[in-house]
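>>> Sharing a model that was predicted from the sequence below.
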There are 2 protein chains.
Amino acid sequence: MTGGPTFIQSRDNAFVKDLRRLAQDSGAYRRQGRVWLEGDHLCRAALERGVQPAIGVYAESAWPAWEHEWGSVAARNVVLADALWADVSGLESPARMGFVVPAPEAPVLQSGLPTVVLDRLQDAGNVGSILRSASAFGFRQVAALKGTAGLWSPKVLRAGMGAHFALHLVEGLAVDDIDALALPLLATSSHSGDLLHRARLPWPCGWILGHEGQGVSEALQQRATHLIRIAQPGGEESLNVGAAAAICLHASAAHADSAGHG
Amino acid sequence: MTGGPTFIQSRDNAFVKDLRRLAQDSGAYRRQGRVWLEGDHLCRAALERGVQPAIGVYAESAWPAWEHEWGSVAARNVVLADALWADVSGLESPARMGFVVPAPEAPVLQSGLPTVVLDRLQDAGNVGSILRSASAFGFRQVAALKGTAGLWSPKVLRAGMGAHFALHLVEGLAVDDIDALALPLLATSSHSGDLLHRARLPWPCGWILGHEGQGVSEALQQRATHLIRIAQPGGEESLNVGAAAAICLHASAAHADSAGHG
């Protein structure tokens, strides 16, 4: 980095306008080709995985505390007047800093990697939680079909707590694209298939997780090589999809461990 | 029910003011001694479990569609002008109806019931998801310590999707109160204890789930009879607590099933 940070006070500054959209609009990262990582936890996770921030953004009152540690990691730094920061961020993040990083270039689906397929999941919190679970349980890739919440949107990033940077993420896929995984595909079903806790699970594999209301689409269910049921002795009609995902992905990891090829 | 519904158009109507608080303020149910169930899914779940609604509330344009089915289930009905409904609800629920029901009288912790203990969980979505998982996996009681998100707040109710009505819910508890459960208590730990997928799990039991940032408090950990680790071969630092809860509660249910006392 050369020179000190740029200080901005005006709401009408072009960078501030773009940043506000990036921080508050879930689709803005696609239009701008860059992603907003807010808060030190997320930024640290990105740095640890070798992400190069293009711009470091700091609230004026927070800059002195960060300058020493992170003043040189971004290509340039911008310091926003505190009122402006509050206007951009809309969060209550005590760190009051963030990085703008380049959006990943359209990545290609990789064959054979343990994968989680997201079929039109709507809720950013669910998607983020599933990314965390995928990463925790040794899945390496997440493949999101068209209609799924944007993986790099601010809400999904926040809920993902850094898992984004440990995964190969591909989005905007069509159903046919999934064939390229060349993996056994597992899908949950509420009324047929083997009970998860008694089933033999293949590894590596792809787990398909479906839309919060409609479940996995017919076309994807037909591609599934295994239908799996989660026993629900209490008789509730359905688990939250993030909860179901955690149970399934953990079961696969435990199976891989027992079979000695984790 | 006697007579037709009361029609309200004024924002200043006292009932409307109370209802707005009930629908938007997470602590209002405690002060008002009543709970707002919004949307037909939640209302149906309550009716199926024998809950008696005190007041049925409908948007003006929605009332004709509901009058036949539910016009007689509440002690009285209130119809709000559509603009007023939009102001109260703040949701995009297509059903545009809800019930006001009496808040449960301060329930007492029951000994021996399979129980989930919530130790100061903050996020309403997590708490609701855990209630769903608890109910699905045969847990009968949820015991929330002081500092946990209000179980009957609108956001927790929404995320719970009706699980509230299948569970015995107790809140505002102190750590010492938990002793009355008289159950083996299990807590997750990130660095010690048996691996969940290899552990022998007792049934019935109580699972303790901790604060999103701080985990289970020291005082509660000391009460745990079993510390359990969830293997995370991918090496992420921690799962979302709703995801961890789902995995643990499912494992207990699967164990109870295998042991033949589910």
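Ah, there it is.
>>> dump the residue contacts of the nearest residue to A:Gln9 once chain neighbours are set aside.
Once flanking residues are discounted, A:Gln9 sits nearest to A:Ala81: 4.5 Å by CB to CB, 6 or more residues apart in numbering or on different chains. The way it works is simple: take the backbone N, C-alpha and C, and place the C-beta from them, glycine included. Contacts here follow CB atoms under 8 Å, 6 or more residues apart in numbering or on different chains; on that basis A:Ala81 touches A:Phe7, A:Ile8, A:Gln9, A:Glu60.
>>> distance of the residue nearest to A:Lys146 when sequence neighbours are not counted from chain B?
With sequence-adjacent residues excluded and distances taken as CB to CB, 6+ apart, A:Lys146 is closest to A:Gly172, at 5.5 Å. Computed as CB to the nearest CB, to the nearest Å, the A:Gly172 to chain B distance reads 24 Å.
>>> any idea whether A:Gly172 is helix, strand or coil?
Here A:Gly172 is recorded as strand under DSSP: H, G, I helix; E, B strand; the rest coil.
>>> count of neighbours near it?
The local packing of A:Gly172 (other CB atoms under 10 Å in any protein chain shown) involves 15 other residues.
>>> That one and A:Gly150 touch, don't they?
No - contact between A:Gly172 and A:Gly150 fails when scored by CB atoms under 8 Å: they sit 9.4 Å apart.
>>> ranges for the helices of the stretch 151-262 of chain A?
Ranges of helices within the stretch 151-262 of chain A are A:154-160, A:218-221, A:241-258, based on DSSP state H, counting those that start in this stretch.
>>> who are the neighbours of the second one, in terms of helices and strands?
In this case it means helix A:218-221. strand A:185-188, strand A:206-210 (3 or more CB pairs under 8 Å, 6 or more residues apart in numbering or on different chains; DSSP states H and E).
>>> Quick check: buried residues in that helix?
A:Leu220, A:Gln221 (16 or more other CB atoms under 10 Å in any protein chain shown).
>>> how much distance is there from that helix to the middle of the chain?
A distance of 23 Å separates the centroid of the chain from that of helix A:218-221, by CA atoms, centre = their mean, to the nearest Å.
>>> what's around the closest residue to A:Leu209 other than its chain neighbours, how many residues?
The shortest distance from A:Leu209 to any non-neighbouring residue, by CB to CB, 6+ apart, is to A:Ala245 (5.1 Å). Look at A:Ala245: counted by other CB under 10 Å, it has 28 neighbours.
>>> doesn't A:Trp207 make contact with A:Ala245?
Yes - counting by CB under 8 Å, A:Ala245 does reach A:Trp207; the two are 7.2 Å apart.
>>> okay, and the common contacts of those two?
Residues touching both A:Ala245 and A:Trp207 by CB under 8 Å, 6+ apart: A:Val116.
>>> residues near the residue nearest to A:His255 when sequence neighbours are not counted, how many?
Closest residue to A:His255 in three dimensions, ignoring its sequence neighbours and counting by CB to CB, 6+ apart: A:Leu201, at 4.3 Å. Other residues within reach of A:Leu201, judged by other CB under 10 Å, total 21.
>>> Could you check how far A:Ala254 is from A:Cys248?
11 Å (CB to CB, to the nearest Å).
>>> Could you check which of those two has the larger neighbour count?
It is A:Cys248, of A:Ala254 and A:Cys248, that has more neighbours when counted by other CB under 10 Å, with 27 against 23.
>>> and the more buried one, what is it in contact with?
So A:Cys248 contacts A:Leu186, A:Thr188, A:Leu196, A:Trp207, A:Leu209, A:Ile228, A:Ile230 (CB under 8 Å, 6+ apart).
>>> With A:Leu220 instead?
A:Val117, A:Asp119, A:Leu145, A:Val175, A:Ile178, A:Leu185, A:Ala187, A:Ile208, A:Gly210.
>>> Next one, pLDDT for it please.
Per-residue confidence at A:Leu220 stands at 95 (pLDDT).
>>> and what of A:Leu145?
pLDDT recorded at A:Leu145 is 98.
>>> that older thread, buried among the contacts of A:Cys248? Make that a ChimeraX selection.
To isolate the buried members of the contacts of A:Cys248 in ChimeraX, using 16+ other CB under 10 Å:
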select /A:186,188,196,207,209,228,230
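>>> Would you mind naming what in the stretch 51-200 of chain A lies close to chain B?
The stretch 51-200 of chain A has residues A:125, A:128-129, A:132-139, A:159, A:161-163, A:166, A:196-197 near chain B, with proximity defined as CB under 8 Å from any CB of the partner chain.
>>> how much space between the residue lying closest to A:Leu19 once chain neighbours are set aside and A:Gln24?
Spatial nearest neighbour of A:Leu19, excluding adjacent residues (CB to CB, 6+ apart): A:Val88 at 5.3 Å. Separation of A:Val88 from A:Gln24 (CB to CB): 8 Å.
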